[in-house]
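Undergrad: predicted structure and sequence below. I'll ask about it afterward.
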Amino acid sequence: MVGTAGSSGGVGGYFTSDRAIKYGYGVPRLLLLTLFAFEVAPRLFLKNADGGASSAFMRSSSSAAALLRLSPYLTSMRWAGHSYLGSIGAGVNVQVWGFLGNLAMLLVAAAACMWDVTHDYSILVYLMKTFSGDQLAGKLDTPEWKLVLLFTFGAFGPGLWFAAGSNAAALAAASPFFRILPVLFVIQAVCEYGDAHMEHLKFFRHRYGFEAFTLAALTCLPGGITPSELRVVQYDLVICLFYRVSNLCIIVYKSGAAGSAAAAAAVAARKVCFRVFGALSGQRLVNVTNAEVATAVLRASDVKGDALERHVATPAWRPLLSLESVDGPLYSAMLRDFHLVMKALPHQTTLGDIAKRQVRQLLDDAEGAVRRAEAAAARSATVGGPAATDGGVVDAHSIARLSLSVFIEYIFGREWEPAFEPLVAASWEWRKEIAVRGRADAGLKRKAVDVVVNNLLKVRCGTSRQSRSTSHPADPRADAPHPTKLFTRLASRHIRTTT
């Protein structure tokens, strides 16, 4: 429901740091007050049967006091309905599921109230003081809460009165609450009015007033608080507590704090795993986050290390060799061959031209597919029959294929062919294992290697028409032979090395 002294009355400015502080500190404060109402008030502030204040021993040993403590309340399961009433209040205020979703949640809440009232009238007293106080303070500014006000005073209350069978029976059932109802009404009205019109005062904005006034109601009523009165205050506190908890959860989620906390936890978990790995391998691992320090460390050694690169990256790359992951003579030989390849390739502007042309082609094809799908849908609506499902979506697979196609044309001078499709599927397998998200499919990786070795490297081709036409005029490599032969020679050498 609205939640005692906790309704927001709108979404504007809802997900702010001030509200996070309000509920972040408000939840533990209210939790302490709720425990006080269940465990301390029945022992020390409960009104004696003769109307006077009894001794602490007599109050603590009475059956009424025992039934008002936390354990019997939890056993009764009434807390489930009360916690639901409080939790949905925040969802209704921020329109989590829209108007119809709010109505559905409130209908379930109405059913919970009708079940709860079979024990006593405490929940009706809570609804009456909450919504009359909110109405007086001008906080019921949405259709949903106005419907709840109508339900409380137009249906729920009158229905219970008539269900009692007679005016005398109804008065007898309601009389235990005649004193506490106006007290709680005044507390609600004052707190909600302060929240609506005196938000500059933290005493009202952060709900200190509600806690202070409720504590006074628990401890300062003349002659002590009766069991029926205490039960209403306890349920009020429980509902308000879950309202605050629900608000806090929504604010944490909407602010992205949950994602930040999860990311921090993931980083901490990785550090722990690395430390365990280092301890098991007899090495001391240091986590370096400063880019300059990392660069200096790498320049000071020609060894990549045998942690991530040797034990994670190198096995993940197999059957390929990664220049970034190998060490020693193999690294020196591969680096030398890498520079030879870079010198034999066309000018870098060629790569840019190929990429621009293929991106334009990809977008044109996607737009054409969309137009065809729209035309097919229009025909289907006119003549009947199923509509086409080709929507021309540019997805991650399209981007991966585009990247491979650009480099194949740049390096080998060939356009994309269906025979190259295993490269796309295998690229996802390599990404998965390198990111330590699962074991790659070795069969797909072998198919990709076969495409490179037995197709791209073995098919002889000169410099492509596109490469020659887009080579930079000042580039001495413009008239150089295409690097396919160089690739074949270098690859065969490293294939022999790995086998």
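TA: Structure's in. What do you need? Residues are numbered from 1 along each chain as shown.
Undergrad: from here on, contacts and neighbour counts on C-alpha atoms
TA: Will do.
Undergrad: ok, then the element right after the longest helix belonging to the chain?
TA: The longest helix of the chain (DSSP state H) is helix 348-383. Going down the chain from helix 348-383, the next helix or strand is helix 396-412, by DSSP states H and E.
Undergrad: packing partners for that next one?
TA: Packing contacts for helix 396-412, counted by 3 or more C-alpha pairs under 8 Å, 6 or more residues apart in numbering; DSSP states H and E, involve helix 348-383, helix 421-434.
Undergrad: for the longest one, packing partners?
TA: Based on contacts counted as 3+ C-alpha pairs under 8 Å, 6+ apart, the elements that helix 348-383 packs against are helix 396-412, helix 465-470.
Undergrad: now do it against helix 396-412, angle only.
TA: For helix 348-383 against helix 396-412, the angle by axes from the mean of the first three to the mean of the last three C-alpha atoms, to 10 degrees is 140 degrees.
Undergrad: what do you get for the last one?
TA: When the same axes, to 10 degrees is applied, the directions of helix 421-434 and helix 396-412 differ by 110 degrees.
Undergrad: so for helix 421-434, mean pLDDT?
TA: In this model, helix 421-434 carries a mean pLDDT of 92.
Undergrad: next one: it to chain centre, how far?
TA: Here helix 421-434 is found 29 Å from its chain centre; the criterion is C-alpha atoms, centre = their mean, to the nearest Å.
Undergrad: one more: stretch 243-260?
TA: 9 Å.
Undergrad: what about Val459, distance to Arg414?
TA: 10 Å (C-alpha to C-alpha, to the nearest Å).
Undergrad: circling back: in the longest helix of the chain, what counts as buried?
TA: Buried residues in helix 348-383, counting neighbours by 16 or more other C-alpha atoms under 10 Å, are found at 350-351, 353-355, 358-359, 362, 366-367, 369-370, 372-374, 376-377.
Undergrad: check stretch 416-436 too.
TA: 420, 422-430, 432-434.
Undergrad: which single one of the residues you listed is nearest to Lys146?
TA: Set against Lys146, the nearest of the buried residues of stretch 416-436 by C-alpha to C-alpha is Lys432 (53.6 Å).
Undergrad: ok, now which ones touch the closest one?
TA: 438-440 (C-alpha atoms under 8 Å, 6 or more residues apart in numbering).
Undergrad: of the residues you listed, which is the most crowded?
TA: In terms of neighbours by other C-alpha atoms under 10 Å, the contacts of Lys432 top out with Ala440 at 21 neighbours.
Undergrad: confirm that one sits in a strand?
TA: No. Residue state for Ala440 (DSSP: H, G, I helix; E, B strand; the rest coil) corresponds to coil; a strand is not indicated.
Undergrad: which non-adjacent residue is nearest it?
TA: Distances taken as C-alpha to C-alpha, 6 or more residues apart in numbering place Glu429 nearest to Ala440, at 4.7 Å, with adjacent residues excluded.
Undergrad: mind showing which ranges of the stretch 101-250 of the chain have poor pLDDT?
TA: Along the stretch 101-250 of the chain, no part satisfies pLDDT under 70.
Undergrad: err, the stretch 251-400 of the chain, not the other one
TA: Residues of the stretch 251-400 of the chain that meet the cut-off, pLDDT under 70, sit at 257-258, 305-307, 380-392.
Undergrad: can you report how many residues neighbour Pro158?
TA: Pro158: 12 neighbours (other C-alpha under 10 Å).
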